[in-house]
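A.B. asks: turn this into a model:
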Amino acid sequence: MSNFPLKFEVMADSKYGISEPWQCSADAMEPITVSIPAEFNGPGKAYSPEDLYGLAVLNCLISVYKSLCEANKVVFETIDGKLIVTMDKKQQDGQLILTHLDITFNVHGAQDKEKAREILEKAIRDCPVTNSIKSGKTCHINID
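C.D. replies: Reported below is the predicted structural model:
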């Protein structure tokens, strides 16, 4: 069992200018390239902060699901997911906020489809990343 609180350290460094991509990394893993998205006059062509946000949510959900399935001996072949991050402006002050996450999961080859769905619903409720954000979310679950 882990000792809480757990801490995860990430790093990033960049040169001046919105057209300059930069590197970020976690622990001793290979760095990934990040840039300001083209929608904000950046170069695009690399992960944006919004992409990383969506990936953090999607991958946390998948990791919680896999852990719960293993603990409950619920077997499936594969899970794939897609997440769309919606950004909008607040009407009061025009501040940009991430307003909604539209998440779709497809679980393939589940031996017990009903239990696989129940556990995915639990993973969605229990995911520490999604429980730490205030964006609205809609989840679509397909089990076959």
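
A.B. asks: alpha carbons only for contacts and neighbour counts from here, please
C.D. replies: Fine.

A.B. asks: what residue lies at the spatial centre of this protein?
C.D. replies: The centre of the chain sits closest to residue 57, judged by C-alpha atoms, centre = their mean, with a distance of 2.1 Å.

A.B. asks: for it, give me the pLDDT.
C.D. replies: On pLDDT, residue 57 comes in at 97.

A.B. asks: give me the distance from the host helix or strand of it to the chain's centre.
C.D. replies: Take DSSP states H and E as the rule and residue 57 turns out to sit in helix 49-71. Here helix 49-71 is found 6 Å from its chain centre; the criterion is C-alpha atoms, centre = their mean, to the nearest Å.

A.B. asks: and the next helix or strand after that helix, average pLDDT?
C.D. replies: Later in the chain than helix 49-71, the nearest helix or strand by DSSP H and E is strand 78-89. Averaged over strand 78-89, pLDDT sits at 97.

A.B. asks: give me the sheet partners of strand 78-89 and which way each runs.
C.D. replies: strand 96-108 (antiparallel) (DSSP bridges).

A.B. asks: any regions of the chain where pLDDT drops low?
C.D. replies: 1 (pLDDT under 70).
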